[in-house]
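Asker: coords please:
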Amino acid sequence: MKLHIIPMLLLAVLLSACSPPQPPQLQQGTLLPDAKVIADFQLTDQNGKPFTRKNLAGKWSFAFFGYTHCPDVCPTSLSMLAQVMKKLEPDKTPGAKPRVVFFSVDPERDTPEVLAQYLPYFNPDFVGVTGDPQQILQLTRQLGILYGKSPGESTDDYLVDHSASIILFDPDGNFRALFGTPHDPDRIAQDFVSIRNYYEASR
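Answerer: This is a model prediction of the structure:
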C-alpha cells in the first residue's frame, strides 16, 4: 500500500505545481476575467508631450476620469489616490509602485497648463492627460466610463457629470481591474498588491 501512496503523492504535488494561480479574492476591486486590450489613442500630458497607449505600458497605472473644475468627486478621489500611493511607498519591489493618471473629460478648460498647476496639490507625481474630445471619447467608450456636460449659466460655467470608477491598467497597458465607489484607500492598496501578485504568478 505504501508503494502506491508515494506515486500518488508525487502526482498530487506535480498537478498542484502545474495548476494556474487562482484569481485573488478582492475587497473592493473587480478583476476582469481577461484583461481588455484597448485601442491606441492620441492625447497630451500636462507637459505638452504626446500620451498614447504606449505610455501605459511598462508600469501599473490607476486611471481616474474627471475635470479640474469638479467641486467634489474629483478632489476627493484624487486625495484618496494620494493616500493609496503613500500606503504603497514601503514596497520596494522593482516595478511594483503604480502611478496615477488623471484623464480630463473637460478638454475645453483643462489645458496641459491647467493640469500642471492642479495635480501637484494632490501629488507631484500624478500625470495629467487631456486632448482632442473625440480621442477622449474613444478611450472612455472602451472602458465603460460615462460623462456629459451639464449646461450652466454661461458657456464657461458648467459641470460635467462623470463616472467615479477607478481603472487599473497592467504593465502591458491593458484594462485589468475596476474599483467602484465608495473608495477606501486601505482596501484599494491591498487589492492592488493581490492583483499585482496574481499577474506576476500568471506570467
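
Asker: which of the helices and strands in the chain ranks last by mean pLDDT?
Answerer: The helix or strand of the chain with the poorest confidence is helix 2-18; it has a mean of 49 (mean pLDDT, DSSP states H and E).

Asker: tell me the helix or strand right after it.
Answerer: strand 29-36 (DSSP states H and E).

Asker: may I have the strands that pair with that next one, each with its orientation?
Answerer: With DSSP bridges as the test, strand 29-36 is paired with strand 175-179 (antiparallel).

Asker: which parts of the strand it pairs with are buried?
Answerer: For strand 175-179, the buried set under the neighbour-count rule, 16 or more other C-beta atoms under 10 Å, comprises Phe175, Arg176, Ala177, Leu178, Phe179. Quick note: C-beta positions are derived from backbone N, CA and C, even for glycine.

Asker: which residues of this protein fall in helices?
Answerer: Using DSSP state H, the helices of the chain run over 2-18, 73-88, 112-118, 133-143, 185-202.

Asker: as a markdown table, these with mean neighbour count and distance to Gln42 would be great.
Answerer: What follows is these, written out as a markdown table (neighbours: other C-beta atoms under 10 Å; distance: least, C-beta to C-beta, whole Å):
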| stretch | mean neighbour count | distance to Gln42 |
| --- | --- | --- |
| helix 2-18 | 8 | 43 |
| helix 73-88 | 18 | 24 |
| helix 112-118 | 17 | 14 |
| helix 133-143 | 16 | 5 |
| helix 185-202 | 17 | 27 |
